[in-house]
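> Predicted model follows, preceded by the sequence.
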Amino acid sequence: MHRWGGDKAFPVCITVFSAPNYCGNHGNKGAVVMLEDGKMGIKQYRDVDTPYSLPGGIDLFAWSMPYLISKVQEII
């Protein structure tokens, strides 16, 4: 929370990490801040399994690069 008006000021900026199980391997929780009726609350979300993974845990760029290179070579 960032308070530019001193310790008693309402936070102008609240940073919340909202990506549960970031990249499918961190197991962290996500959260959102809710403001209702002048009260601030936090809702946490549990981590979830990654819905789809490429074979061998390879990333999308490494997996697609051979195909992309072959198509660029065809064009050239």
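Arrived safely, thanks for sending.

> Pull up the gap between residue 36 and residue 44, please.
Using CB to CB, to the nearest Å, we find residue 36 at a distance of 16 Å from residue 44. All C-beta spots, glycine's among them, are computed from the backbone N, C-alpha and C.

> Tell me which of the two has more neighbours.
Between residue 36 and residue 44, residue 44 has the larger neighbour count (other CB atoms under 10 Å), namely 11 against 7.

> Does that one belong to a helix, a strand or coil?
strand (DSSP: H, G, I helix; E, B strand; the rest coil).

> quick one: least confident helix or strand in this structure?
Within the chain, judged by mean pLDDT, DSSP states H and E, the helix or strand with the poorest mean is strand 30-36; its value is a mean of 79.

> For that one, what is the distance to the chain centroid?
Remark: strand 30-36 is offset 15 Å from the chain centroid, using CA atoms, centre = their mean, to the nearest Å.

> Numbering from 48 from now on, please.
Yep, numbering from 48; the last one is strand 77-83 now.
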